[in-house]
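Student: Predicted model follows, preceded by the sequence.
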Amino acid sequence: MDRTAVLLVAGALISWSLLLVVSRVILLTLALNPWLFTFIQMMAGGAALLILAGAQAELRTSLRDPVLWLYGVLRVLTAAFFTAALLHTTAANAAFTSILSVPMSVGLLWLVLARVPRAWETPGHLFIIAGLVGLTTTLEGGVHNPALLLMILSELCVVTSTLIAELHPRNQTEDRRARAALTGAMLLISAFVMLIAAVGLSAAVQAMPNLGWVLPAGATVFSEPTLVLDPVLWGAAIAVGILLRGPSMYLALAAIHRVGTTNYLAGLAVLPLSSLVFEATASAAGLIPPVTVWTLATAFGAVMVVGSLAVIAARARAG
(Lines give C-alpha, C1' and ligand atoms only; values in the text may rest on other atoms or scores of the structure.)
Protein backbone atom coordinates (compact mmCIF):
# COMPACT_ATOMS: atom_id res chain seq x y z
CA MET A 1 0.00 0.00 0.00
CA ASP A 2 1.18 3.52 -0.73
CA ARG A 3 1.51 6.24 1.90
CA THR A 4 -1.94 7.71 1.21
CA ALA A 5 -3.58 4.30 1.55
CA VAL A 6 -1.83 3.66 4.87
CA LEU A 7 -2.93 7.08 6.17
CA LEU A 8 -6.52 6.44 5.11
CA VAL A 9 -6.69 3.05 6.84
CA ALA A 10 -4.98 4.45 9.95
CA GLY A 11 -7.32 7.44 9.97
CA ALA A 12 -10.37 5.20 9.70
CA LEU A 13 -9.00 2.97 12.48
CA ILE A 14 -8.42 5.86 14.89
CA SER A 15 -11.72 7.53 14.01
CA TRP A 16 -13.76 4.33 14.56
CA SER A 17 -11.92 3.70 17.85
CA LEU A 18 -12.69 7.20 19.09
CA LEU A 19 -16.31 6.87 18.00
CA LEU A 20 -16.75 3.62 19.93
CA VAL A 21 -15.12 4.87 23.12
CA VAL A 22 -16.70 8.35 23.08
CA SER A 23 -20.11 6.74 22.48
CA ARG A 24 -19.57 4.35 25.38
CA VAL A 25 -18.56 7.19 27.70
CA ILE A 26 -21.64 9.21 26.76
CA LEU A 27 -24.03 6.25 27.01
CA LEU A 28 -22.73 5.27 30.45
CA THR A 29 -22.53 8.82 31.78
CA LEU A 30 -25.91 10.04 30.52
CA ALA A 31 -27.76 6.67 30.53
CA LEU A 32 -29.07 7.16 26.98
CA ASN A 33 -30.83 4.60 24.81
CA PRO A 34 -28.16 3.07 22.51
CA TRP A 35 -30.46 2.54 19.50
CA LEU A 36 -31.82 6.08 19.57
CA PHE A 37 -28.33 7.45 20.13
CA THR A 38 -26.99 5.58 17.10
CA PHE A 39 -30.01 6.43 14.94
CA ILE A 40 -29.65 10.18 15.55
CA GLN A 41 -25.88 9.92 15.02
CA MET A 42 -26.42 8.42 11.58
CA MET A 43 -29.05 11.00 10.65
CA ALA A 44 -26.88 13.93 11.78
CA GLY A 45 -23.67 12.61 10.22
CA GLY A 46 -25.40 11.78 6.93
CA ALA A 47 -27.24 15.10 6.69
CA ALA A 48 -24.06 17.07 7.49
CA LEU A 49 -22.09 15.32 4.74
CA LEU A 50 -24.83 15.88 2.17
CA ILE A 51 -24.99 19.58 3.06
CA LEU A 52 -21.19 19.93 2.91
CA ALA A 53 -21.14 18.17 -0.46
CA GLY A 54 -23.97 20.36 -1.73
CA ALA A 55 -25.72 17.16 -2.82
CA GLN A 56 -29.06 17.28 -1.02
CA ALA A 57 -30.85 16.90 -4.37
CA GLU A 58 -29.01 13.60 -4.98
CA LEU A 59 -30.68 12.03 -1.94
CA ARG A 60 -33.79 11.24 -4.00
CA THR A 61 -31.65 9.28 -6.47
CA SER A 62 -29.94 7.46 -3.61
CA LEU A 63 -33.25 6.49 -2.04
CA ARG A 64 -34.11 4.66 -5.29
CA ASP A 65 -30.87 2.67 -5.26
CA PRO A 66 -31.66 -0.90 -4.02
CA VAL A 67 -27.96 -1.61 -3.43
CA LEU A 68 -27.75 1.21 -0.90
CA TRP A 69 -30.82 -0.15 0.89
CA LEU A 70 -29.18 -3.59 0.97
CA TYR A 71 -26.10 -1.92 2.45
CA GLY A 72 -28.28 -0.26 5.10
CA VAL A 73 -29.96 -3.56 5.99
CA LEU A 74 -26.57 -5.28 6.32
CA ARG A 75 -25.23 -2.51 8.59
CA VAL A 76 -28.25 -2.74 10.88
CA LEU A 77 -28.02 -6.56 10.95
CA THR A 78 -24.32 -6.23 11.82
CA ALA A 79 -25.18 -4.09 14.85
CA ALA A 80 -28.09 -6.34 15.85
CA PHE A 81 -26.02 -9.57 15.76
CA PHE A 82 -23.12 -7.89 17.57
CA THR A 83 -25.41 -6.54 20.29
CA ALA A 84 -27.06 -9.95 20.67
CA ALA A 85 -23.61 -11.55 21.03
CA LEU A 86 -22.88 -9.23 23.97
CA LEU A 87 -25.62 -11.05 25.91
CA HIS A 88 -23.37 -14.13 25.91
CA THR A 89 -19.81 -12.76 26.11
CA THR A 90 -17.72 -9.66 26.81
CA ALA A 91 -17.25 -6.74 24.43
CA ALA A 92 -13.54 -7.56 24.14
CA ASN A 93 -14.23 -11.19 23.15
CA ALA A 94 -16.81 -10.07 20.58
CA ALA A 95 -14.44 -7.44 19.16
CA PHE A 96 -11.57 -9.90 18.74
CA THR A 97 -13.89 -12.51 17.22
CA SER A 98 -14.77 -9.91 14.58
CA ILE A 99 -11.25 -10.33 13.13
CA LEU A 100 -12.65 -13.51 11.59
CA SER A 101 -13.88 -11.14 8.85
CA VAL A 102 -10.38 -11.19 7.28
CA PRO A 103 -10.33 -14.87 6.17
CA MET A 104 -14.08 -14.66 5.53
CA SER A 105 -13.50 -11.78 3.11
CA VAL A 106 -10.86 -13.79 1.24
CA GLY A 107 -13.28 -16.71 0.88
CA LEU A 108 -16.13 -14.49 -0.29
CA LEU A 109 -13.97 -12.62 -2.81
CA TRP A 110 -12.61 -15.91 -4.13
CA LEU A 111 -16.16 -17.25 -4.50
CA VAL A 112 -17.81 -14.11 -5.94
CA LEU A 113 -15.05 -12.34 -7.87
CA ALA A 114 -12.55 -15.18 -8.43
CA ARG A 115 -9.86 -13.24 -6.54
CA VAL A 116 -7.49 -16.10 -5.74
CA PRO A 117 -5.67 -15.54 -2.42
CA ARG A 118 -1.86 -15.35 -2.48
CA ALA A 119 0.07 -18.28 -1.02
CA TRP A 120 2.01 -15.91 1.25
CA GLU A 121 -1.25 -14.96 2.99
CA THR A 122 -1.75 -18.48 4.38
CA PRO A 123 0.38 -18.11 7.56
CA GLY A 124 -1.51 -14.94 8.48
CA HIS A 125 -4.89 -16.62 8.09
CA LEU A 126 -3.66 -19.61 10.12
CA PHE A 127 -2.63 -17.21 12.91
CA ILE A 128 -6.14 -15.73 12.87
CA ILE A 129 -7.77 -19.17 13.04
CA ALA A 130 -5.39 -20.28 15.82
CA GLY A 131 -6.13 -17.13 17.82
CA LEU A 132 -9.86 -17.68 17.33
CA VAL A 133 -9.59 -21.28 18.55
CA GLY A 134 -7.76 -20.05 21.64
CA LEU A 135 -10.29 -17.25 22.14
CA THR A 136 -13.11 -19.79 21.97
CA THR A 137 -11.67 -21.56 25.03
CA THR A 138 -12.28 -18.38 27.06
CA LEU A 139 -15.99 -18.36 26.19
CA GLU A 140 -18.46 -19.92 28.60
CA GLY A 141 -19.49 -23.16 26.91
CA GLY A 142 -16.68 -22.93 24.33
CA VAL A 143 -17.81 -23.51 20.74
CA HIS A 144 -21.39 -23.99 21.97
CA ASN A 145 -21.60 -20.38 23.17
CA PRO A 146 -24.25 -18.59 21.01
CA ALA A 147 -21.94 -15.57 20.76
CA LEU A 148 -19.73 -17.46 18.29
CA LEU A 149 -22.55 -18.03 15.76
CA LEU A 150 -23.88 -14.51 16.27
CA MET A 151 -20.46 -13.00 15.58
CA ILE A 152 -20.00 -15.16 12.48
CA LEU A 153 -23.34 -13.83 11.18
CA SER A 154 -22.34 -10.28 12.12
CA GLU A 155 -19.03 -10.52 10.29
CA LEU A 156 -20.65 -12.08 7.23
CA CYS A 157 -22.77 -8.91 7.06
CA VAL A 158 -19.63 -6.77 7.58
CA VAL A 159 -17.76 -8.47 4.74
CA THR A 160 -20.72 -8.25 2.35
CA SER A 161 -21.40 -4.58 3.13
CA THR A 162 -17.70 -3.73 2.78
CA LEU A 163 -17.61 -5.43 -0.62
CA ILE A 164 -20.68 -3.42 -1.66
CA ALA A 165 -18.86 -0.24 -0.61
CA GLU A 166 -15.79 -1.27 -2.64
CA LEU A 167 -17.72 -2.09 -5.81
CA HIS A 168 -20.41 0.60 -5.75
CA PRO A 169 -20.05 2.75 -8.91
CA ARG A 170 -20.27 6.01 -6.94
CA ASN A 171 -17.28 4.99 -4.80
CA GLN A 172 -15.02 4.63 -7.85
CA THR A 173 -13.79 8.20 -7.60
CA GLU A 174 -11.24 10.50 -6.01
CA ASP A 175 -13.79 13.35 -5.96
CA ARG A 176 -14.24 14.24 -2.29
CA ARG A 177 -17.65 15.80 -2.77
CA ALA A 178 -18.96 12.76 -4.62
CA ARG A 179 -17.70 10.45 -1.87
CA ALA A 180 -19.13 12.72 0.83
CA ALA A 181 -22.51 12.60 -0.95
CA LEU A 182 -22.39 8.79 -1.15
CA THR A 183 -21.35 8.54 2.51
CA GLY A 184 -24.17 10.83 3.59
CA ALA A 185 -26.71 8.83 1.61
CA MET A 186 -25.44 5.54 3.09
CA LEU A 187 -25.73 6.90 6.63
CA LEU A 188 -29.23 8.28 6.10
CA ILE A 189 -30.49 5.08 4.46
CA SER A 190 -28.95 3.00 7.29
CA ALA A 191 -30.75 5.27 9.75
CA PHE A 192 -34.05 4.78 7.90
CA VAL A 193 -33.58 1.01 8.01
CA MET A 194 -32.83 1.25 11.73
CA LEU A 195 -36.00 3.30 12.25
CA ILE A 196 -38.11 0.79 10.32
CA ALA A 197 -36.58 -2.08 12.33
CA ALA A 198 -37.20 -0.32 15.66
CA VAL A 199 -40.83 0.47 14.80
CA GLY A 200 -41.38 -3.10 13.62
CA LEU A 201 -39.80 -4.60 16.73
CA SER A 202 -41.81 -2.30 18.98
CA ALA A 203 -45.01 -3.46 17.30
CA ALA A 204 -43.91 -7.10 17.60
CA VAL A 205 -43.27 -6.74 21.33
CA GLN A 206 -46.65 -5.07 21.80
CA ALA A 207 -48.28 -8.12 20.17
CA MET A 208 -45.98 -10.71 21.78
CA PRO A 209 -44.52 -9.39 25.09
CA ASN A 210 -42.48 -12.56 25.64
CA LEU A 211 -40.41 -11.64 22.59
CA GLY A 212 -38.74 -8.71 24.38
CA TRP A 213 -35.98 -10.68 26.11
CA VAL A 214 -34.40 -11.92 22.86
CA LEU A 215 -34.25 -8.51 21.16
CA PRO A 216 -31.24 -6.13 21.18
CA ALA A 217 -31.17 -3.73 24.12
CA GLY A 218 -33.11 -0.56 23.36
CA ALA A 219 -34.40 -1.78 20.00
CA THR A 220 -38.03 -1.36 21.06
CA VAL A 221 -37.55 2.24 22.15
CA PHE A 222 -40.43 3.51 20.00
CA SER A 223 -42.86 1.86 22.39
CA GLU A 224 -41.71 4.63 24.79
CA PRO A 225 -42.00 7.80 22.67
CA THR A 226 -41.15 10.17 25.55
CA LEU A 227 -37.51 9.05 25.29
CA VAL A 228 -37.34 10.42 21.75
CA LEU A 229 -37.84 14.01 23.01
CA ASP A 230 -34.84 14.06 25.37
CA PRO A 231 -32.82 17.21 24.42
CA VAL A 232 -29.65 15.79 25.99
CA LEU A 233 -29.92 12.73 23.76
CA TRP A 234 -30.34 14.88 20.65
CA GLY A 235 -27.51 17.26 21.53
CA ALA A 236 -25.01 14.50 22.30
CA ALA A 237 -25.99 12.34 19.31
CA ILE A 238 -25.89 15.21 16.81
CA ALA A 239 -22.46 16.31 18.02
CA VAL A 240 -21.00 12.79 17.83
CA GLY A 241 -22.69 12.15 14.48
CA ILE A 242 -21.21 15.26 12.85
CA LEU A 243 -17.76 15.12 14.47
CA LEU A 244 -17.11 11.36 14.46
CA ARG A 245 -19.74 9.15 12.77
CA GLY A 246 -19.73 11.02 9.45
CA PRO A 247 -15.92 11.38 9.20
CA SER A 248 -15.41 7.73 10.22
CA MET A 249 -17.71 6.52 7.47
CA TYR A 250 -16.15 8.86 4.91
CA LEU A 251 -12.61 7.66 5.74
CA ALA A 252 -13.82 4.05 5.61
CA LEU A 253 -15.22 4.44 2.08
CA ALA A 254 -12.07 6.21 0.90
CA ALA A 255 -9.86 3.50 2.43
CA ILE A 256 -11.98 0.66 1.01
CA HIS A 257 -11.77 2.22 -2.46
CA ARG A 258 -8.00 2.61 -2.20
CA VAL A 259 -6.97 -0.74 -0.65
CA GLY A 260 -9.89 -3.13 -1.24
CA THR A 261 -12.09 -5.15 1.09
CA THR A 262 -9.59 -7.62 2.57
CA ASN A 263 -6.79 -5.10 3.16
CA TYR A 264 -9.23 -2.69 4.80
CA LEU A 265 -10.66 -5.35 7.12
CA ALA A 266 -7.17 -6.63 7.94
CA GLY A 267 -6.05 -3.12 8.85
CA LEU A 268 -9.15 -2.58 10.95
CA ALA A 269 -8.36 -5.78 12.87
CA VAL A 270 -6.23 -3.56 15.14
CA LEU A 271 -9.49 -1.84 16.23
CA PRO A 272 -10.03 -3.97 19.37
CA LEU A 273 -6.53 -3.13 20.65
CA SER A 274 -6.75 0.58 19.80
CA SER A 275 -10.19 0.74 21.43
CA LEU A 276 -8.78 -0.91 24.55
CA VAL A 277 -6.07 1.77 24.72
CA PHE A 278 -8.65 4.57 24.42
CA GLU A 279 -10.92 2.82 26.95
CA ALA A 280 -8.04 2.47 29.41
CA THR A 281 -7.33 6.19 28.98
CA ALA A 282 -10.98 7.06 29.60
CA SER A 283 -11.02 4.75 32.61
CA ALA A 284 -7.89 6.39 34.06
CA ALA A 285 -9.66 9.74 33.68
CA GLY A 286 -12.61 8.39 35.67
CA LEU A 287 -15.03 8.59 32.73
CA ILE A 288 -15.93 4.88 32.66
CA PRO A 289 -15.53 1.94 35.08
CA PRO A 290 -12.09 0.26 35.33
CA VAL A 291 -11.01 -1.64 32.21
CA THR A 292 -8.93 -4.83 32.37
CA VAL A 293 -6.53 -4.64 29.44
CA TRP A 294 -4.31 -7.70 29.84
CA THR A 295 -6.40 -10.88 29.86
CA LEU A 296 -6.15 -14.29 28.24
CA ALA A 297 -8.70 -13.13 25.66
CA THR A 298 -6.48 -10.13 24.87
CA ALA A 299 -3.50 -12.44 24.32
CA PHE A 300 -5.42 -14.63 21.87
CA GLY A 301 -6.86 -11.52 20.23
CA ALA A 302 -3.34 -10.14 19.80
CA VAL A 303 -2.43 -13.35 17.93
CA MET A 304 -5.35 -12.68 15.58
CA VAL A 305 -4.19 -9.08 15.07
CA VAL A 306 -0.67 -10.29 14.24
CA GLY A 307 -2.19 -12.68 11.71
CA SER A 308 -4.14 -9.82 10.10
CA LEU A 309 -1.03 -7.66 9.83
CA ALA A 310 0.80 -10.63 8.31
CA VAL A 311 -1.94 -10.88 5.66
CA ILE A 312 -1.42 -7.21 4.78
CA ALA A 313 2.35 -7.69 4.60
CA ALA A 314 1.97 -10.73 2.35
CA ARG A 315 -0.41 -8.92 0.02
CA ALA A 316 1.94 -5.95 -0.15
CA ARG A 317 4.84 -8.26 -0.97
CA ALA A 318 2.86 -9.95 -3.73
CA GLY A 319 1.62 -6.77 -5.31
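Tutor: Everything's here; your move. Numbers count the residues shown, from 1 in each chain.
Student: what ranges of the stretch 201-319 of the chain fall below the confidence cut-off?
Tutor: By pLDDT under 70, the weakly predicted segments of the stretch 201-319 of the chain are 202, 204-226, 318-319.
Student: ranges for the strands of it?
Tutor: Using DSSP state E, counting those that start in this stretch, the stretch 201-319 of the chain contains no strands.
Student: where do the helices sit along this protein?
Tutor: All helices of the chain, identified by DSSP state H, fall at 3-30, 34-53, 59-63, 66-85, 91-97, 101-113, 122-136, 146-167, 176-207, 231-240, 246-259, 261-267, 271-284, 296-318.
Student: out of those, deepest packed?
Tutor: helix 261-267 (a mean of 27; mean count of other C-beta atoms under 10 Å). Glycine gets a C-beta too; all of them are placed from N, C-alpha and C.
Student: Show me the contact partners of that helix.
Tutor: Around helix 261-267, the neighbours that count as contacts under C-beta atoms under 8 Å, 6 or more residues apart in numbering are 1, 5, 9-10, 12-13, 101-102, 105-106, 109, 124, 158-159, 162-163, 166, 252, 255-256, 259, 308-309, 311-312, 315.
Student: picking that back up, I'd like the helices of the chain as CSV, with distance to residue 290 appended.
Tutor: Formatted as CSV, the helices of the chain follow (distance: least, C-beta to C-beta, whole Å):
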stretch, distance to residue 290
helix 3-30, 13
helix 34-53, 21
helix 59-63, 44
helix 66-85, 23
helix 91-97, 13
helix 101-113, 29
helix 122-136, 22
helix 146-167, 23
helix 176-207, 32
helix 231-240, 23
helix 246-259, 27
helix 261-267, 29
helix 271-284, 5
helix 296-318, 15
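Student: For residue 74, which non-adjacent residue is closest in space?
Tutor: Spatial nearest neighbour of residue 74, chain neighbours left out: residue 161 (4.0 Å); criterion: C-beta to C-beta, 6 or more residues apart in numbering.
Student: May I have the residues that are in contact with that neighbour?
Tutor: Counted by C-beta under 8 Å, 6+ apart, residue 161 has contacts 71, 74, 75, 78.
Student: Tell me how far the third one lies from residue 69.
Tutor: This means residue 75. Residue 75 is 11 Å from residue 69, where distance means C-beta to C-beta, to the nearest Å.
Student: any shared contact partners between those two?
Tutor: Residues touching both residue 75 and residue 69 by C-beta under 8 Å, 6+ apart: residue 193.
Student: quick one: pLDDT of the closest residue to residue 164 other than its chain neighbours?
Tutor: The shortest distance from residue 164 to any non-neighbouring residue, by C-beta to C-beta, 6+ apart, is to residue 71 (5.0 Å). Predicted confidence (pLDDT) at residue 71: the value is 97.
Student: mind checking how far residue 71 is from residue 26?
Tutor: From residue 71 to residue 26 the distance is 26 Å (C-beta to C-beta).
Student: what's the answer for residue 59, then?
Tutor: To residue 26, residue 59 is 28 Å away according to C-beta to C-beta.
Student: residues in contact with the residue nearest to residue 164?
Tutor: 161, 164, 165, 168, 186, 189, 190.
Student: Quick check: the two most widely separated of those residues?
Tutor: Taking C-beta to C-beta as the measure, the contacts of residue 71 span a maximum distance of 13.9 Å, between 168 and 190.
Student: hmm, back to that, residue 141: which of the contacts of residue 71 is nearest?
Tutor: The closest of the contacts of residue 71 to residue 141 turns out to be residue 161 (C-beta to C-beta; 29.0 Å).
Student: That closest one and residue 249, how far apart?
Tutor: Distance of residue 161 to residue 249, computed by C-beta to C-beta: 11 Å.
Student: What of residue 152?
Tutor: From residue 152 to residue 249 the distance is 24 Å (C-beta to C-beta).
Student: ok, the closest residue to residue 302 other than its chain neighbours - contacts?
Tutor: Nearest residue to residue 302, sequence neighbours excluded (C-beta to C-beta, 6+ apart): residue 273, at 7.0 Å. Residues in contact with residue 273 (C-beta under 8 Å, 6+ apart) are 298, 301, 302, 305.
Student: one more time with 10 Å, if that's ok
Tutor: By C-beta atoms under 10 Å, 6 or more residues apart in numbering, residue 273 lies in contact with 13, 17, 92, 95, 96, 293, 298, 301, 302, 305.
Student: For the residue nearest to the second one when sequence neighbours are not counted, give me its contacts.
Tutor: Of all residues beyond its chain neighbours, the one nearest residue 17 is residue 274 (4.3 Å), with distances taken as C-beta to C-beta, 6+ apart. Residue 274 makes contact with 10, 13, 14, 16, 17, 18, 20, 21, 268, 305, according to C-beta under 10 Å, 6+ apart.
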